[in-house]
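>>> I would like to see how this sequence folds:
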Amino acid sequence: MTRDLPKLNRVVVKVGSSSLCHKNGKIDPKRIEAIAEDIASLIQEDIQVVLVSSGAVAAGRHILNENETAIEIKQAAAAIGQIILLGTFQQNFRTHDLTIAQILLTHEDLQDRRRYLSARNTLVNLLDHGIVPIINENFGSYIHPTESKLNSRKAFIAHALKPKAKLIIDQGAANAIRSKKASLLPSGILETEGAFLRGDGVICSLKDGLEIARGIVEYDRDEIVQIAGQQSAAIEYILGFKHHRGIIHRENMVIIKD
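The predicted model follows:
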């Protein structure tokens with residue numbers, strides 16, 4: 001199956017273990033050579049490339065001669081295999097006068113906004129200098145670009161922030177969020193699911209489970225339980241204090257499309 005791709009300025013190439021290694025787990029240099037050649041061709045067309053690669057565990061297992069799935073074995077295999085894998089990549093990219101850089105990412109790096117921005121700035125800096133970042137995390141389905149760009153904060157909320165809990169809201173609140181781009185107020189909250197603190201990411205959904213939005217809450221769960229269904233004017237009376245940005249301010253919210 002072929003896709004009609006738009007004009008691309010940057011692509012993410014995801015390759016799994018089966019694309020890099022023999023069945024016994026040993027790295028196949030010819031496959032990596034082909035990948036490096038394809039990426040070099042893209043870069044020659046002024047397309048920036050980020051490579052997301054698996055294969056370290058498989059390569060390390062071959063050296064350890066271990067097939068167990070225990071996390072300790074996987075970590076040991078990855079520690080061995082990562083050096084082998086990156087060394088093979090480096091050798092092949094060097095033939096195209098390209099430099100690679102290893103980027104180690106965990107979900108926590110993307111969930112924490114400061115770490116997310118640090119990782120983002122590092123990647124952009126590498127790409128702007130013509131260096132190929134190789135990321136060891138598993139992601140890159142093909143995703144069509146959206147018609148409207150999110151600012152960096154809302155992109156973080158939409159794609160990197162891992163929601164910790166849910167706020168169940170009524171239809172009136174859902175309509176206000178979607179049609180008026182309103183902030184979420186306590187009067188529209190029916191109940192909460194899960195534990196969270198102020199500053200955490202949550203999902204806003206209807207009682208039937210339909211997700212309406214994601215955002216960063218201004219109150220702890222225990223506080224929201226006390227003021228759910230109340231008018232904003234009652235918050236200070238109930239809690240003894242009041243944040244003036246609602247439960248989730250519209251600037252800290254991303255609406256989920258139907």
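>>> need the strands for the stretch 101-250 of the chain, in chain order.
Using DSSP state E, counting those that start in this stretch, the strands of the stretch 101-250 of the chain run over residues 132-135, 165-169, 189-193, 201-205, 211-216.
>>> can you pull the alpha-carbon coordinates of the fourth one into PDB?
Which is strand 201-205. What follows is strand 201-205, C-alpha atoms only, in PDB (Å, rounded to 0.1, in the frame of the first residue of the first chain):
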ATOM      1  CA  GLY A 201      -2.700  15.900  33.900                       C
ATOM      2  CA  VAL A 202      -6.300  14.600  33.800                       C
ATOM      3  CA  ILE A 203      -8.800  13.500  31.300                       C
ATOM      4  CA  CYS A 204     -12.200  15.300  31.100                       C
ATOM      5  CA  SER A 205     -14.900  12.900  29.900                       C
END
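>>> ok, it: who's next to it in the sheet?
strand 165-169 (parallel), strand 211-216 (antiparallel) (DSSP bridges).
>>> ok, and what's touching the longest one?
Right, the one you point to is strand 211-216. 157-158, 161, 163, 169, 174, 177-178, 184, 199-206, 248-249, 252-256 (CB atoms under 8 Å, 6 or more residues apart in numbering). Where C-beta positions appear, they are placed from N, C-alpha and C, glycine not excepted.
>>> now do stretch 25-42: everything it contacts.
For stretch 25-42, using CB under 8 Å, 6+ apart, the contacting residues are 11, 13, 15, 17, 19-22, 49, 51, 55, 58-59, 61-62, 84-85, 88-89, 92-93, 95-96, 98, 132.
>>> show the buried residues in these.
13, 15, 17, 20-21, 49, 51, 55, 58-59, 61-62, 84-85, 88-89, 92-93, 98, 132 (16 or more other CB atoms under 10 Å).
>>> if you look at those, which of them are in strands?
13, 15, 49, 51, 132 (DSSP state E).
>>> residue 54 and residue 60 touch, don't they?
No: counting by CB atoms under 8 Å, residue 54 does not reach residue 60; the two are 11.8 Å apart.
>>> sorry, back to before: which ones among the contacts of stretch 25-42 map onto helices?
Among those, the members found in helices (DSSP state H) are 17, 19-20, 58-59, 61-62, 84-85, 88-89, 92-93.
>>> list just the nearest of those residues to residue 224.
residue 17 (44.2 Å; CB to CB).
>>> the closest one and residue 53: what is the separation?
For residue 17, the distance to residue 53 equals 9 Å [CB to CB, to the nearest Å].
>>> ok, now residue 216?
Counting by CB to CB - residue 216 and residue 53 are separated by 32 Å.
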